[in-house]
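Colleague: Prediction below, plus the sequence it came from.
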Amino acid sequence: MVKRIVVGAHYGLRDWIGQRATAIFMVIYTVIFALNALMLPEMSYEAWSGMFAGGFLGFLTFLFFLALFYHAWIGVRDIFMDYIKPTGIRLALHVVVLFLLVGYAGWAAQILWRL
Amino acid sequence: MSKRTVNFKIYRYDPDRDEKPYMQDISIDLEPSDKKLLDALVRLKSKDDSLSFRRSCREGVCGSDAMNINGKNGLACLTSLDGLDNVVLRPLPGLPVIRDLVVDMTQFFKQYHSIKPYLVNNEPAPERERLQSPEEREELNGLYECILCACCSTSCPSFWWNPDKFVGPAGLLAAYRFIADTRDQATTERLDNLEDPYRLFRCHSIMNCVDVCPKGLNPTRAIGKIKDMMVARAV
């Protein structure tokens, strides 16, 4: 490969909107979650896990984790873009983080749906 | 009026003589006619003529004497000496130093040229000028005044980390100046050229550029408007 500076990947807008949309969703979720938690009759394991079991909040919680992981992906990728200069190492780190986040999403689903 | 002394700490580096850069302590007695930092620098140079810095118009129009003044980028010719008793001067951060306060601006201008800073219009020129309505012309205010002093881009961490890939606030302000121009016909190409995770979206709106601009311009707002236009054409 010739050594020239290459830019112009023609993406960026999608991630930029995605980061903002997920941020707004996470704020709204935090309010809904806090209200639900405050309205629990008692602070016990049963009440706590019952809050997420099935139902609307369980679904929203899963969406929250997807939003969090997508948001985290863009943020972490930006940090790598700034500080990790060798392309090979950057690509490797991208792949590792992507697999980790997809794994976390699966894990979150497993935890939420076994309740 | 009594004489006033200003104490300088100046970044010195002559690659032909110095192994590495050092900070030089030097004081100068001001004359009553010395109003701006540049006046003091010119006086300093008459005392030590090995000191190098760029200057030309000495009135904030040419953008030559941009430097880091007490930790903040600015133009020496627009910085008042009032209340300025101790001054630390360094070259603009993030660019290679040629000598003392003179930096190599190649990378900065490369980015500026990459956004095609000229009007693109393929229609034959009319007999008289291409007309704009007063409202259309209004949109260019706060954009065309940029003097390319590089104060903004060299205070931007995104530009420090990726000067080869991120256009930087000065270049993006100029980009929006032509995107906003109703006489320009290359809007699509200009937006395509910037829709990139590095070229535009390295900007995280921390507004260092707005903080330092000696002309009071707002690159962050221009960058926001470019993003708005990208959203408008994508959704």
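Modeller: Arrived safely. Numbers count the residues shown, from 1 in each chain, chains lettered A, B, ... in the order given.

Colleague: measure the nearest residue to B:Tyr144 once chain neighbours are set aside to A:Phe65 for me?
Modeller: With sequence-adjacent residues excluded and distances taken as Cβ to Cβ, 6 or more residues apart in numbering or on different chains, B:Tyr144 is closest to B:Arg177, at 5.7 Å. Backbone N, C-alpha and C define where each C-beta goes, glycine included. Taken as Cβ to Cβ, to the nearest Å, the spacing of B:Arg177 relative to A:Phe65 amounts to 43 Å.

Colleague: Please list the residues of chain A that sit near chain B.
Modeller: Applying Cβ under 8 Å from any Cβ of the partner chain, we find that chain A lies next to chain B at A:5, A:7-17, A:78, A:81-83.

Colleague: Among those, which pair sits farthest apart?
Modeller: Distances among the residues of chain A next to chain B were taken as Cβ to Cβ; the most separated pair is A:Ile5 and A:Ile17, at 26.7 Å.

Colleague: Can you tell me which of the residues of chain A next to chain B are buried?
Modeller: Those of the residues of chain A next to chain B that meet the buried threshold are A:Val7, A:Gly12, A:Leu13, A:Asp15, A:Trp16, A:Asp78, A:Met81, A:Asp82, by 16 or more other Cβ atoms under 10 Å in any protein chain shown.

Colleague: OK, contacts around the fourth one?
Modeller: Taking Cβ atoms under 8 Å, 6 or more residues apart in numbering or on different chains as the definition of contact, the neighbours of A:Asp15 are A:Ile74, B:Pro197, B:Phe201.

Colleague: Just confirm the second one contacts A:Gly8, I think it does.
Modeller: No: using Cβ atoms under 8 Å, B:Pro197 is not in contact with A:Gly8, being 10.1 Å away.

Colleague: ok, back up a step: could you dump the contacts of A:Asp15 into CSV and include neighbour count?
Modeller: Compiled in CSV, the contacts of A:Asp15 are given as follows (neighbours: other Cβ atoms under 10 Å in any protein chain shown):
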residue, neighbour count
A:Ile74, 16
B:Pro197, 22
B:Phe201, 24
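
Colleague: out of these, which are inside strands?
Modeller: Secondary structure defined by DSSP state E assigns none of these to strands.

Colleague: Looking at those residues, spot the one nearest B:Lys47.
Modeller: After measuring those against B:Lys47 - Cβ to Cβ - the closest member comes out as B:Phe201, at 47.7 Å.

Colleague: quick one, phi/psi of that closest one?
Modeller: When read as degrees, to the nearest 10, the backbone of B:Phe201 gives phi -80, psi 10.

Colleague: How about B:Val102?
Modeller: Listed backbone geometry of B:Val102 is phi -100, psi 120, with angles given as degrees, to the nearest 10.

Colleague: Let me know the outermost residue of chain B.
Modeller: B:Glu127 (36.3 Å; Cα atoms, centre = their mean).

Colleague: Which positions in stretch B:96-109 come out as buried?
Modeller: Residues B:Val97, B:Ile98, B:Arg99, B:Asp100, B:Leu101, B:Val102, B:Val103, B:Met105, B:Gln107, B:Phe108 are the ones in stretch B:96-109 that count as buried (16+ other Cβ under 10 Å).

Colleague: same check, this time on stretch B:62-72
Modeller: Neighbour counts over stretch B:62-72 (16+ other Cβ under 10 Å) mark B:Cys62, B:Gly63, B:Ser64, B:Asp65, B:Ala66, B:Met67, B:Asn68, B:Ile69 as buried.

Colleague: which SS class is the third one?
Modeller: Yep, that's B:Ser64 we're talking about. On the three-state scheme (DSSP: H, G, I helix; E, B strand; the rest coil), B:Ser64 is labelled coil.

Colleague: what does B:Tyr11 give?
Modeller: Under the three-state scheme (three-state DSSP), the conformation of B:Tyr11 reads as strand.

Colleague: give the contact list for it.
Modeller: Each residue near B:Tyr11 by Cβ under 8 Å, 6+ apart is listed here: B:Pro21, B:Tyr22, B:Met23, B:Gln24, B:Leu89, B:Arg90, B:Pro91, B:Val97, B:Asp100, B:Leu101.

Colleague: Leaving out chain neighbours, which residue sits closest to the first one?
Modeller: What it means is B:Pro21. With sequence-adjacent residues excluded and distances taken as Cβ to Cβ, 6+ apart, B:Pro21 is closest to B:Tyr13, at 3.8 Å.

Colleague: what's the burial count for the one you found?
Modeller: Look at B:Tyr13: counted by other Cβ atoms under 10 Å in any protein chain shown, it has 18 neighbours.

Colleague: Now do the phi/psi pair for it.
Modeller: Listed backbone geometry of B:Tyr13 is phi -160, psi 120, with angles given as degrees, to the nearest 10.

Colleague: ok, now B:Ile98?
Modeller: Here the main-chain torsion angles of B:Ile98 (degrees, to the nearest 10) amount to phi -90, psi -50.

Colleague: Look up how far A:Arg20 lies from the residue nearest the centre of chain A.
Modeller: Of all residues in chain A, the one closest to the mean position by Cα atoms, centre = their mean is A:Phe69, 1.6 Å from it. When Cβ to Cβ is applied, the distance between A:Phe69 and A:Arg20 equals 16 Å.

Colleague: quick one on the thing from earlier: can I get the buried residues of stretch B:62-72 in TSV with pLDDT and distance to A:Ser44?
Modeller: Supplementary listing: the buried residues of stretch B:62-72 in TSV, determined by pLDDT from 0 to 100; distance: Cβ to Cβ, whole Å:
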residue	pLDDT	distance to A:Ser44
B:Cys62	96	72
B:Gly63	95	67
B:Ser64	96	71
B:Asp65	96	69
B:Ala66	97	64
B:Met67	97	65
B:Asn68	98	60
B:Ile69	97	62
